[in-house]
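*Asks:* okay, here's the prediction I keep looking at, along with the sequence it came from:
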Amino acid sequence: MIVKGWFDKIKCPTCSSATKVLESREISDSTAIRRRRECKDCEHRFTTYERPELSVRVVKKEGAREEFDQDKLKRGIVKACEKRPVSNEEIEELIRNVVKKIRRMGVNEIDSTKIGNLVMEGLKELDKVAYIRFASVYKSFDLETLEKEIKTIKR
């Protein structure tokens, strides 16, 4: 869908002037809207994504609570997949699936262990090495536990 001449409050990242939307389209699974924008002054073009906020608090292992942060989730998954044959699209799909599952739970709070388990479940199917990397940090594996987990995966 083309939207011409619509100026909004998103500022240009280059010069901070007003921008206009050139094009809007839904992401493949309808969970977000991708917008191409252009600055009315410097003509810099960039992309933004609009998605509904997931308003869930995460209960950490030590009992502290914090807002769910999709970017933090992505950083952990990207780190586990570093130098592995996993595409950005596959990582984004994993994140969408985790967020979708959390939404379906219909809860206001979720234990960080549940989120970690959802990520590990997805990584196990996506890339075994990335799974081991994530699980070893997430579960604080010692060498013996790491060896057992690797043997389990090999079966």
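*Replies:* Cool, got the structure. Numbering: from 1, shown residues only.
*Asks:* check what pLDDT the residue of the chain most remote from its centre gets.
*Replies:* Farthest-out residue of the chain from its mean C-alpha position, per Cα atoms, centre = their mean: D41, at 32.2 Å. The predicted local distance difference test score for D41 is 94.
*Asks:* on the three-state scheme, the closest residue to I95 other than its chain neighbours is what?
*Replies:* Nearest residue to I95, sequence neighbours excluded (Cβ to Cβ, 6 or more residues apart in numbering): K74, at 5.7 Å. In this view, the C-beta of every residue, glycine as well, is placed from N, C-alpha and C. Taking DSSP: H, G, I helix; E, B strand; the rest coil as the rule, one finds K74 in the helix state.
*Asks:* so how far is the longest helix seen in the chain off the chain centroid?
*Replies:* For the chain, the longest helix by residue count, based on DSSP state H, is helix 88-105. Here the centre of helix 88-105 is set off from its chain's centre by 7 Å, with Cα atoms, centre = their mean, to the nearest Å.
*Asks:* neighbouring strands - and their directions - for the following helix or strand past that helix?
*Replies:* Moving toward the C-terminus from helix 88-105, the first helix or strand encountered (DSSP states H and E) is strand 109-111. According to DSSP bridges, strand 109-111 has the following sheet partners: strand 57-59 (parallel).
*Asks:* residues in contact with the strand it pairs with?
*Replies:* With contact meaning Cβ atoms under 8 Å, 6 or more residues apart in numbering, strand 57-59 is reached by R65, E66, E67, F68, N108, E109, I110, D111, S112, I115.
*Asks:* which among those residues gets closest to D142?
*Replies:* Within the contacts of strand 57-59, proximity to D142 (Cβ to Cβ) peaks at S112, which comes in at 20.5 Å.
*Asks:* by neighbour count, which of the contacts of strand 57-59 wins?
*Replies:* Neighbour counts for those peak at I115, which has 21 neighbours (criterion: other Cβ atoms under 10 Å).
*Asks:* before we move on, what SS does it have?
*Replies:* On the three-state scheme (three-state DSSP), I115 is labelled helix.
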